[in-house]
Each structure stands twice: as C-alpha cells, then as structure tokens.
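Participant: With the sequence up front, the predicted model follows.
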Amino acid sequence: MRLCRFDDNRLGVVRGTQVHDVTAVLNELPAVRWPLPNYDLFVEALPRLRDKLEQAAGKASGKDIASVKLLSPVANPNKIIGAPINYKEHIEESKKDQTIAYGRVIKSIGEFGLFLKANSTLVGAGEGVALRFTDKRNDHEMELAVIIGRKANRVSEERALDYVAGYAIGLDMTVRGPEVPSFRKSIDTYGVLGPWLVTADEVKDPNAIDIWLTVNGEPRQKSNTRFLDYNVHKLISWASQYYTLYPGDIIMTGTPEGVGPVKPGDVMECEAVGVGRMTVKIRAAE
Ligand code: MN
C-alpha cells in the first residue's frame with residue numbers, strides 16, 4: 001500500500017496515478033493530550049488501520065496524483081537519523097574532493113557513527129527545497145529512507161525488518177563545510193521525504209533497490225542499495241543500540257556517489273525503483 005499526505009493534511013492511498021482521499025480514517029486515531037506521544041500517531045496505528053484504509057480507498061474517487069501537493073508522508077517523526085559515508089564509491093569521491101571533505105579524514109561509517117537531522121527540516125516533494133547560504137556548495141544526496149513502524153530498542157539485525165513500517169525516498173540535502181553534519185544538514189526544507197510511504201510488504205529486499213537522481217534531466221546519481229556498507233538491517237540494529245526507535249522515525253540510509261551542487265531554479269527528479277519516483281524543485285529561501 002502507498003500512503004501519502006497531501007494538500008491541507010489530507011491522507012491518501014495511491015493506486016497507479018490516482019490518489020484516493022481516505023482522510024476520514026484518521027478519525028480512528030486516539031485523541032491525545034499533553035504531553036503528546038513521542039511517535040507518529042498514524043504510523044503507529046497503521047497495522048490496525050490497513051483494512052479500513054483499503055476499504056475507504058475503494059470507495060473514494062481518484063484524483064490525479066500530479067494535481068496534488070505532496071507533503072512528507074510522516075508528519076511527526078521523533079527523529080531523523082542520517083548515515084554518513086555509507087557507500088564505498090561515495091567515500092572515495094569524498095576523499096578526493098575537498099569541497100566535500102573540508103579537511104576531515106574520511107574513514108568509515110563504523111568509526112564515524114550516525115547523525116541526527118533536525119525534525120524541522122522535513123518537507124514533502126511538493127514543498128520543494130529552499131536553499132540558504134547559496135554562496136556555499138549545496139548538494140543533493142539521494143537515499144533510501146526507512147520508516148520505523150514500532151518501538152525498537154536494541155534489536156538484532158536478524159529481527160530488524162520486523163520493525164519497519166515502510167520505505168520512501170529521502171533527500172538528505174547538505175551544505176558543504178567544516179561544521180558537524182547535524183548542523184549543515186538541518187536547515188529548513190533540507191530533508192525531503194516522499195513521494196509517499198510504501199508499506200514494507202511491497203518491498204521484497206530493501207538491500208536490492210535501484211536508486212537514481214537527475215538534476216534538470218542530467219544524470220547525477222545512480223546506484224543500488226546492495227552497495228550499502230551498513231545495510232538496512234545493520235543500520236536499524238546499530239541505531240537501536242544507541243536510541244530507542246519509535247513509530248515514524250526515519251533512517252536515511254546514506255548516499256551513493258555522484259553528489260553534486262544544486263542552485264535555485266534546478267529541478268531534481270529521482271526514483272527508488274519499486275518505492276516511488278518524485279520531482280523536487282529548488283528555490284532560494286526568502
Ligand atoms: Mn546523507
């Protein structure tokens with residue numbers, strides 16, 4: 001099942017090129033009071049709402065997906081986790097290019113650890129990226145994003161996929177510079193999640209997904225998640241040794257080689273095959 005959030009916080013089931021408005025099913029979510037739960041209410045409830053979502057989608061007339069504004073399919077993650085230098089070829093290009101490395105010694109993800117992106121970065125494909133610091137190099141990083149479905153605390157690699165709600169494309173937009181990643185990668189709109197969440201049952205093997213990204217039609221990144229250094233199982237398990245993962249948490253699994261600069265006016269097109277394809281526009285921040 002493909003689930004999107006669109007326009008004015010509508011919830012949609014995507015079938016082919018059509019989005020079916022199933023917002024009414026959100027009435028099933030628990031009424032919450034302060035303090036709010038530290039997980040995404042909808043992602044947490046997804047397993048028990050699936051039948052109702054399918055039924056509602058069958059009754060709702062479809063609308064062309066191209067005519068709606070896609071928001072992030074996860075509204076309220078507890079955290080967004082990033083995986084640095086997680087493809088060998090990207091490590092090699094980072095070593096060679098000081099406008100990526102900025103004097104840092106590029107080692108391996110195991111030595112570097114994970115980083116967090118601020119939740120306030122998060123946008124959907126229809127919202128686009130608003131560049132700041134346009135005097136610096138602003139890069140696209142095309143990644144497979146994993147969306148956690150249930151609480152995961154110190155889980156094994158063998159059981160890791162049991163905790164996944166689904167997948168999406170994650171664009172880990174980045175200002176290059178000497179600052180720590182959690183700072184440079186946490187600018188508003190620098191975390192794009194979309195075009196929708198495809199539920200885990202539709203993805204046979206998250207470690208065998210073709211991913212690509214073009215800018216203004218020019219090929220930039222093309223790889224497959226089989227080339228991940230720490231694969232999806234290992235990333236989930238490793239992250240959960242440090243922090244409890246909650247429904248709606250997002251893990252951006254790392255970018256392959258081919259990262260490069262974007263400028264206002266550019267249009268990114270990207271696809272994780274079997275997950276989705278999206279167009280994201282770049283503008284200057286106001
Ligand atoms: Mn990244």
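Facilitator: Everything's here; your move.
Participant: Show me which residues of the stretch 151-286 of the chain are close to the ion?
Facilitator: Within reach of the ion by CB under 5 Å from the ion, the stretch 151-286 of the chain has these residues: Asp172, Thr255. Any C-beta I mention is one placed from the backbone N, CA and C, and that applies to glycine too.
Participant: Tell me where the model's unsure across the stretch 151-286 of the chain.
Facilitator: Scanning the stretch 151-286 of the chain for pLDDT under 70 picks out nothing.
Participant: all strands for it, in order.
Facilitator: With DSSP state E, counting those that start in this stretch applied, the stretch 151-286 of the chain shows strands at 164-172, 174-175, 191-199, 210-215, 218-224, 250-252, 260-261, 267-272, 276-284, listed in chain order.
Participant: Same list, those, but as JSON lines with mean neighbour count please.
Facilitator: Shown next, in JSON lines, are those (neighbours: other CB atoms under 10 Å):
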{"stretch": "strand 164-172", "mean neighbour count": "26"}
{"stretch": "strand 174-175", "mean neighbour count": "20"}
{"stretch": "strand 191-199", "mean neighbour count": "27"}
{"stretch": "strand 210-215", "mean neighbour count": "20"}
{"stretch": "strand 218-224", "mean neighbour count": "16"}
{"stretch": "strand 250-252", "mean neighbour count": "27"}
{"stretch": "strand 260-261", "mean neighbour count": "16"}
{"stretch": "strand 267-272", "mean neighbour count": "21"}
{"stretch": "strand 276-284", "mean neighbour count": "18"}
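Participant: could you redo those strands as TSV and give each row distance to Ser156?
Facilitator: As requested, those are arranged in TSV below (distance: least, CB to CB, whole Å):
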stretch	distance to Ser156
strand 164-172	14
strand 174-175	31
strand 191-199	22
strand 210-215	26
strand 218-224	25
strand 250-252	16
strand 260-261	37
strand 267-272	25
strand 276-284	29
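Participant: Show me where the stretch 1-150 of the chain has its strands.
Facilitator: 2-6, 10-15, 18-21, 62-64, 70-71, 80-82, 115-117, 122-123, 129-131, 138-140, 142-148.
Participant: quick one, which of these is packed in tightest?
Facilitator: The highest mean neighbour count among these, using mean count of other CB atoms under 10 Å, belongs to strand 142-148: a mean of 28.
Participant: now for it, which elements pack on it?
Facilitator: Contacts of strand 142-148 with other secondary structure elements, assessed using 3 or more CB pairs under 8 Å, 6 or more residues apart in numbering; DSSP states H and E, are made with strand 164-172, strand 210-215, helix 232-242, strand 250-252.
Participant: Make JSON lines out of the strands of the stretch 1-150 of the chain and add mean pLDDT and distance to Pro256.
Facilitator: As requested, those are arranged in JSON lines below (pLDDT from 0 to 100; distance: least, CB to CB, whole Å):
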{"stretch": "strand 2-6", "mean pLDDT": "98", "distance to Pro256": "24"}
{"stretch": "strand 10-15", "mean pLDDT": "98", "distance to Pro256": "26"}
{"stretch": "strand 18-21", "mean pLDDT": "98", "distance to Pro256": "30"}
{"stretch": "strand 62-64", "mean pLDDT": "97", "distance to Pro256": "32"}
{"stretch": "strand 70-71", "mean pLDDT": "98", "distance to Pro256": "24"}
{"stretch": "strand 80-82", "mean pLDDT": "98", "distance to Pro256": "14"}
{"stretch": "strand 115-117", "mean pLDDT": "98", "distance to Pro256": "18"}
{"stretch": "strand 122-123", "mean pLDDT": "98", "distance to Pro256": "22"}
{"stretch": "strand 129-131", "mean pLDDT": "98", "distance to Pro256": "19"}
{"stretch": "strand 138-140", "mean pLDDT": "98", "distance to Pro256": "11"}
{"stretch": "strand 142-148", "mean pLDDT": "99", "distance to Pro256": "7"}
